[in-house]
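K.L.:
Model the structure of this input:
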Amino acid sequence: MEEGLRLQKYLVLAGAAPSRRKAEELIRGGRVTVNGAVARLGSRVHPGDEVRVGGRKAELPERRVVLALHKPKGYETTRTSRSGAPTVYELLPELPGLHPVGRLDRDSEGLLLFTNDGALTQRLTHPRYGVKKVYRVWSRKGTPPSDLLRKLERGVTLKSGVRVQALKARPKEGGAVITLTEGKKREVRYMMAAIGYPVERLVRVKMGPIRLGGQKPGTWRELSAAELKALDRAAFGPEEDEAPSRSAKR
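P.N.:
Below is the predicted model of the structure:
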């Protein structure tokens, strides 16, 4: 962070604003100070600077953590299970503020990210930012024909009246590979049921640039520096000069 971090980006990373646009509104409104002086658009934050928003100190997390868990079937994405089922937190280290980036239902498996970075979570899960999630599914009826999968790409209306659409759907032995930019509850299962191919098994294999790969079920790993940079680029845009600053305090 030798050249300093752009103030708008700093506010988002510190959790003081949900987006750069909102951060700019705070700055224009005179609510942001750097070292006691009212900040302006274009200001940069350097190590040791004190940033306040509405009088409240805004700081980057001391250590940003992003973990990749291979969630096994049967685990709930919650801290406390009402059903008595095991939870994903039983598989993870105890770290303050650690929370899931989205969810997988109890019967689903695969890649589930965890972080203490609220701004990153918001960007990766909000459909407005279009971060792709890829699912490998198997159906009891086998591989759906291409014309039915194209129907998912055009969009289908569920029995509930909700309309859902796959970004991409292609056949794969015994099922399909579905790519979404949203993540409504049990959406993939409902989509497959809508074309007459109920899901027998579902595994999330990719989220943004992060792949599940050969990671074993029930294990977690911390993302590499290269993966963090790629994830930041997917979530916040291609500001390559600023991306490394997100892990500067690691």
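
K.L.:
what's the longest helix in the protein?
P.N.:
Selection of the longest helix in the chain by residue count, based on DSSP state H, yields helix 225-236.

K.L.:
okay, that one in CSV with CA atoms only?
P.N.:
Extracted in CSV, the C-alpha atoms of helix 225-236 (Å, rounded to 0.1, in the frame of the first residue of the first chain):
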residue,chain,number,x,y,z
ALA,A,225,-2.4,-15.2,-2.6
ALA,A,226,-3.1,-15.8,-6.3
GLU,A,227,-6.6,-17.1,-5.6
LEU,A,228,-7.3,-14.1,-3.3
LYS,A,229,-6.2,-11.7,-6.1
ALA,A,230,-8.4,-13.4,-8.6
LEU,A,231,-11.4,-13.5,-6.2
ASP,A,232,-11.0,-9.7,-5.5
ARG,A,233,-10.9,-9.0,-9.2
ALA,A,234,-14.1,-11.0,-9.7
ALA,A,235,-15.8,-9.2,-6.8
PHE,A,236,-14.5,-5.7,-7.0
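
K.L.:
so what does that helix touch, helix or strand wise?
P.N.:
With contacts defined as 3 or more C-beta pairs under 8 Å, 6 or more residues apart in numbering; DSSP states H and E, the packing partners of helix 225-236 are strand 66-71, helix 118-125, strand 210-211. Glycine gets a C-beta too; all of them are placed from N, C-alpha and C.

K.L.:
buried stuff in the longest strand belonging to the chain?
P.N.:
Looking across the chain with DSSP state E, the single longest strand is strand 199-207. Neighbour counts using 16 or more other C-beta atoms under 10 Å place Val199, Leu202, Val203, Arg204, Lys206, Met207 of strand 199-207 among the buried residues.

K.L.:
List just the nearest of these to Lys9.
P.N.:
Distance ranking of the buried residues of strand 199-207 against Lys9, using C-beta to C-beta, places Met207 first at 22.1 Å.

K.L.:
Name whatever forms a beta bridge with that closest one.
P.N.:
Lys133, Ile210 (DSSP bridges).

K.L.:
which residues sit in contact with it?
P.N.:
Applying C-beta atoms under 8 Å, 6 or more residues apart in numbering to Met207 gives the contacts Val101, Gly102, Leu111, Leu113, Leu124, Val131, Lys132, Lys133, Val134.

K.L.:
out of these, which are buried?
P.N.:
The neighbour-count criterion (16+ other C-beta under 10 Å) marks Val101, Leu111, Leu113, Leu124, Val131, Lys133, Val134 among the contacts of Met207 as buried.

K.L.:
so which helix or strand takes in the third one?
P.N.:
In other words, Leu113. strand 109-115 (DSSP states H and E).

K.L.:
if we can go back for a sec, now pLDDT and distance to Leu231 too, for the contacts of Met207, in TSV please.
P.N.:
Converted to TSV, the contacts of Met207 look like this (pLDDT from 0 to 100; distance: C-beta to C-beta, whole Å):
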residue	pLDDT	distance to Leu231
Val101	93	10
Gly102	91	13
Leu111	98	12
Leu113	97	8
Leu124	91	8
Val131	92	9
Lys132	94	12
Lys133	96	13
Val134	97	15
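
K.L.:
Looking at those, spot the one nearest Pro47.
P.N.:
Nearest to Pro47 among the contacts of Met207: Leu124, at 27.1 Å, using C-beta to C-beta.
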